[in-house]
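Engineer: mind looking at a prediction? Sequence and model below.
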Amino acid sequence: MTDTIIIDGLAFALPMFVMSVGGIFSEKSGITNLALEGLQGFGAFCGSLAAVLFAYGFAGSSRMPYYLSYLIAFAGGMLYAMLHVLLCIKFKANQIISGVVVNILAVALTTFLTKRINEALFSEKSNKFVLETSMRFTVPGLSRIPVLGAVFTNVYPFEVLIIVIAVITWYVMYKTPYGMHLRACGDNPHSADAAGIDVNRVRAIAVILSGGLSAIGGMSYAYSISASFSPDIYLGFGYLAIAALIFGNWSILPTLGACLLFGFARSAGQALIQRLGMPSTYNDLVRILPYVLTLFLLIFFSKNNRSPRALGEIYDKGKR
Amino acid sequence: MGDPGFIVEMKHITKCFPGIVANDDVSISIKKGEIFALLGENGAGKSTIMSVLFGMYEPDEGEIFIRGEKVNITSPRHATKLGIGMVHQHFKLVSNYTVAENIILGSEPQNKLFGFIPRVNIKKANEDIAALSKRYGLKVDPESVISDLNVSTQQRVEILKMLYRDAEILIFDEPTAVLTPQEIEYLLEIIRGLRDGGKTVIIITHKLEEIKAIADRCAILNRGRLIDIKDVKDTSTAEMARLMVGHEVSFSVDKTGAVPGDTVLKVENLTVRNDNGYEAVKDVSFEVHSGEIFAIAGVSGNGQNELADAIAGLARNTSGKVLLCGRDISGLSIRQRIEEGIAYIPEDRHNLGLVLGFTLKDNLVLKNYYKPDFSDKGVLNEKSISDNGIRLIDEYDIRSSKGNQTIVSSMSGGNQQKAIVAREIDLNGKLIIFMQPTRGLDVGAISNIHKQIVAERDRGAAVLLISLELDEVMNLADTIGVIFDGRIDRIAKASELSVNEVGEYMAGVGKGGTG
């Protein structure tokens, strides 16, 4: 049973983690990003649409390689994040409101488009793009290790991708000039400006990147737990990712810890249901476990948190 | 054409902001390797003209020449390229970065990881900065984090930031406003060292002694106009003060002897714990009479804030009594105390004195907006609030760009303080508490506030003056109490105390003192 908990937990936690990393990028630069939910959904929509069109083009005889759908999802997420950039940076709108708008629009837009495209191409009334579940692999040898071996068993390729992305983003954030500029913009944009850094440009890039990273998370869910793209993808994982990054104090490694905690809470709950033979109606109750956990953790730990100092502050050059 | 004898020439600079001419046809020329001071009261236009030089504002009229060449400075970045650096009054530092990270920000030294992945070479930065700080005698550890450093060290980081970018023209905006006397001494030494190292220094200040101590030449501004440029060694402080204010200023305060009346405030065995649970005020007793200025002298942090807060109602007393006209007010709320006749000018004018985002007229009724004069059945009467604002602005000469409608955060410190003083005095209280009333103000504003303190005493109010400035205490007080480590061990008539004796009690070494 521990094996299932670990395997399912990881498969759930890592896509959330990559969204959180995206959120960290945006928020460390000083832009509040509640739009992760919408960004991951829109990205998943783009990737799934591409996969469906690909299959349609080849009359089902061939399916799109994963990396291609991920690339398209990534691009779609970045494109859609530009809306948040436009609202928050160009028009200096309130970042909370902009995030909420981006989320609501994503749900409406992708649902509408999915239905229309299904009708036009396949003449069926469905709000779903059905994908097959991603392949999984098991690392020979390593997977034999007791307990920990589960980490190397039935692994989705995207889990590896996400870990690689996390390492790269950590490097960019803490070791490169861009990362240094980014974190400075989130703490004191006036200092950054005085040092000759284009604050708005740095922030725009960070938000766009957060869109791309969220999309990778969304695409991973589409290829795993839902095996499709449908409005069901907006289950609140994006919000959970925000909770995780706050709980992780806007740092990448502690945020991974938070995501794993949420992931294991979920998979353990599910395992428990099966163990006790509970009727499936209780499933929904178990699904809220990570959220309840979040609530409690935030109550106890958030007082030690230090958000980026200029988070949510609209940067206005003229203001001294 | 510029004159190559000067490193900076600013000719006929005019800069207007809505409703105010900040610089009116100002021309200054600065020689290479001199310390040039800009002297003027708050709002005289000193900071504005330097912001123009640093590219933060573009002038409406006028020309700038750097090293004899005409330039059009469009941004701070551009100014940096021209070798101009500026230490702002509010430092521009990233609080969670190290010293080195702050200094290199925007021009990071880089190397390649595995020969192709770019990274910030923080090791080289640390070494470079250690070398630079050694060369100029600026003590800082490149690896410490800004938020752990005190103000004086942060200022040194700002100076290093300019030097790291090879600035030759160094602008300091009110550099000593936030420093202690020892730190000021050290800073002036550094500035002299920079000049001797060939840098040109421009210093904005309203402190005459500092100019006398380090500057070679001094430009005096008043209300946006250049009054004169003087060689400092040939000019007396009194002369500079006269030019700056536009009329003779007396450094002493004219006042007649006190005619104390009934006891207004009586503090009995008052003990106050601060937020950390520490007894900041210990068993303090004193009386303030109507028509008397009772001054509390002391070094910062000896319980003055807690004492004032306990009387005004911002803090609760742990034990003891506070009596106003014989009635114990310890249990009353802040508003009840205000209605009983306590006015309070707090030290922290931004957090306790004003609502910075509100207009001037609204700030002027903060303590009585709910009274029938200004509101009717819970609805504010805009007309009477506005009339009240116009009256007080006129009576107390509060200067701002848009009068009643000015957002107070955009006003100069001196005028913000004038607004608070106007509001509090207008309450016509029985007791007025002045806490550090002249902190950060210029000579003209100080003498203005001192006059008002005396006038309130003469009206018959009891005045409690808490000040860290010994001169202020000695000039104004009728009675002096000296506070040290939360205790007031010495209370005497001002005429019976010498400056030295007060100083000894302030340091805790006076007769009967604890140290």
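Structural biologist: Looks like it came in fine. Numbering: from 1, shown residues only, chains lettered A, B, ... in the order given.

Engineer: what sits against the residue lying closest to residue A:183 once chain neighbours are set aside?
Structural biologist: Nearest non-adjacent residue to residue A:183, counting by C-beta to C-beta, 6 or more residues apart in numbering or on different chains: residue A:28, 5.4 Å away. Quick note: C-beta positions are derived from backbone N, CA and C, even for glycine. Shown in contact with residue A:28 (C-beta atoms under 8 Å, 6 or more residues apart in numbering or on different chains): A:173, A:182, A:183, A:186, A:206, A:250, A:308.

Engineer: repeat that with 10 Å
Structural biologist: By C-beta atoms under 10 Å, 6 or more residues apart in numbering or on different chains, the contact set of residue A:28 is A:173, A:179, A:182-187, A:203, A:206, A:210, A:245, A:250-252, A:307-308, A:311.

Engineer: same question, residue B:469
Structural biologist: Applying C-beta under 10 Å, 6+ apart, the residues near residue B:469 are B:297, B:436, B:437, B:438, B:439, B:446, B:475, B:476.

Engineer: show me the residues you listed that map onto helices.
Structural biologist: B:446, B:475, B:476 (DSSP state H).

Engineer: for chain A, what helix or strand is lowest in average pLDDT?
Structural biologist: helix A:283-287 (a mean of 75; mean pLDDT, DSSP states H and E).

Engineer: name the surrounding residues that touch it.
Structural biologist: A:235-236, A:265-273, A:278, A:292.

Engineer: what's the PyMOL line that selects buried ones from these?
Structural biologist: This is how PyMOL selects the buried members of the contacts of helix A:283-287, with burial counted by 16 or more other C-beta atoms under 10 Å in any protein chain shown:
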select buried, chain A and resi 265+266+267+268+269+270+271+273
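
Engineer: bridging residues for residue B:432?
Structural biologist: Judged by DSSP bridges, the bridge partners of residue B:432 are residue B:343, residue B:463.

Engineer: quick check: the gap between it and chain A.
Structural biologist: With distances taken as C-beta to the nearest C-beta, to the nearest Å, residue B:432 is found 32 Å from chain A.

Engineer: check contacts around that residue.
Structural biologist: Under the contact definition (C-beta under 10 Å, 6+ apart), the residues listed for residue B:432 are B:264, B:288, B:293, B:341-345, B:421, B:424-425, B:452-453, B:456-457, B:459, B:461-465.

Engineer: change it to 6 Å
Structural biologist: Shown in contact with residue B:432 (C-beta atoms under 6 Å, 6 or more residues apart in numbering or on different chains): B:343, B:456, B:461, B:463.

Engineer: for residue B:329, same thing?
Structural biologist: B:322, B:337.

Engineer: which residue packs closest to whichever residue of chain A sits closest to chain B, ignoring adjacent ones?
Structural biologist: Here the residue of chain A nearest chain B is residue A:195; by C-beta to the nearest C-beta that distance is 3.2 Å. Spatial nearest neighbour of residue A:195, chain neighbours left out: residue B:106 (3.2 Å); criterion: C-beta to C-beta, 6+ apart.

Engineer: sec struct for the one you found, please.
Structural biologist: coil (DSSP: H, G, I helix; E, B strand; the rest coil).
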